[in-house]
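Colleague: structure, please.
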Amino acid sequence: MYRRFYGLREKPFALRPDARFVYLAKHHMRALLLMEYGLLNEASFLLITGEIGSGKTTLIRCLLDRLDKSLVVGLVSHTSRGSGRLLQWVCLAFGLDVKGKEDVELYDDLVHFLIDVYAQGKRAVLIVDEAQNLGSGRLEDLRLLSNLNSDQDFLLQMVIVGQPELRDLMRTPQLRQLAQRVGADYHIGALSAEETARYITHRLRVAGGRPDLFTPEAMALAHSCSRGIPRLINQLCDTALVYGYSDQRPSIDEELMEEVVRDRLSGGIFPGRRVREPVPRDRKTQVIRQS
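Modeller: Numbering: from 1, shown residues only. Below is the predicted model of the structure:
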């Protein structure tokens, strides 16, 4: 809709994870390096948490692009408690056939697969996204899978990623043994105001647009309302570009961003915060054409 008007090759603030648009702020860089370091040093478990929309899934994709070819990676992202047996999802993540097999057979297949990987001089890594949905029972099942490792032979490493409540689960008595096996953990914090400005300009550059398309004041307001959560920043900035195109504005200023914030918050769905009462203004309604 607005791409041609603003000289963009593509949408700069799409919500889907895309490693091309990754901006590694301080917290994201530390989490990424910690995962790489933990895998290199054969930590049994690594734990990464962050708020909803903080960029955890995008960070996983970035990690996958950077991993050494000696690592065989399986990714489990369907972690709802009603989504089938955990062992099925683990085997599927590594490309194993699960049709019509009971857990005993699946476990035997997984063991043979991990031994084959080890015999090739490689290591298997299981990444579990949105792990807070597993609950204590399935998280304990993951710990039991780690028993495949022995003092001499390291067959399987795990990276468990989730929202802050995952960290709360790990503190419960039921998961004390699992917590003791976590070699490293990190919580991804929100972007600072300065990082938010760099994040916005970075995504604009990747999309082929002007890095100064948003004024500093507009970016500061986007940061305040979003609390520095990347997904919420994307929502505000994408809506601002639609509004800017509607008004045929050459740039996104504070006044326009205030209107975006007011409209998004008035619906009661956007989980941002109001930082001040915006000054209402009359905005001429224009027909938005498909560009």
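Colleague: strands of the stretch 151-291 of the chain, start to end?
Modeller: If you assign secondary structure with DSSP state E, counting those that start in this stretch, the strands in the stretch 151-291 of the chain sit at 156-162, 182-188.
Colleague: please identify the deepest-packed of those strands.
Modeller: Each of the strands of the stretch 151-291 of the chain was scored by mean neighbour count; the highest is strand 156-162, a mean of 24, by mean count of other CB atoms under 10 Å. Just so you know, the C-beta spots here come from the backbone N, C-alpha and C atoms, and that holds for glycine as well.
Colleague: pLDDT of it, averaged?
Modeller: The average of the pLDDT scores along strand 156-162 is 95.
Colleague: who touches it?
Modeller: Here strand 156-162 makes contact (CB atoms under 8 Å, 6 or more residues apart in numbering) with 35, 38-39, 42-49, 56-57, 60, 63, 114, 123-133, 139, 142, 145-146, 148-149, 166.
Colleague: so of those, which ones are in helices?
Modeller: 35, 38-39, 56-57, 60, 63, 114, 139, 142, 145, 166 (DSSP state H).
Colleague: in CSV: the strands of the stretch 151-291 of the chain, plus distance to Asp68.
Modeller: Compiled in CSV, those are given as follows (distance: least, CB to CB, whole Å):
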stretch, distance to Asp68
strand 156-162, 12
strand 182-188, 18
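Colleague: export the ones in helices among the contacts of strand 156-162 to TSV and tack on distance to Ser70, neighbour count and pLDDT?
Modeller: Shown next, in TSV, are these (distance: CB to CB, whole Å; neighbours: other CB atoms under 10 Å; pLDDT from 0 to 100):
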residue	distance to Ser70	neighbour count	pLDDT
Met35	16	26	94
Gly38	15	22	93
Leu39	10	21	92
Lys56	25	21	92
Thr57	24	16	88
Ile60	19	22	91
Leu63	15	21	91
Leu114	14	22	95
Leu139	27	23	92
Leu142	23	22	91
Leu145	21	19	90
Leu166	28	22	95
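Colleague: CSV for the residues you listed, including distance to Leu232?
Modeller: Converted to CSV, the ones in helices among the contacts of strand 156-162 look like this (distance: CB to CB, whole Å):
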residue, distance to Leu232
Met35, 24
Gly38, 29
Leu39, 30
Lys56, 14
Thr57, 15
Ile60, 20
Leu63, 23
Leu114, 40
Leu139, 28
Leu142, 31
Leu145, 35
Leu166, 20
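Colleague: cool, thanks, signing off.
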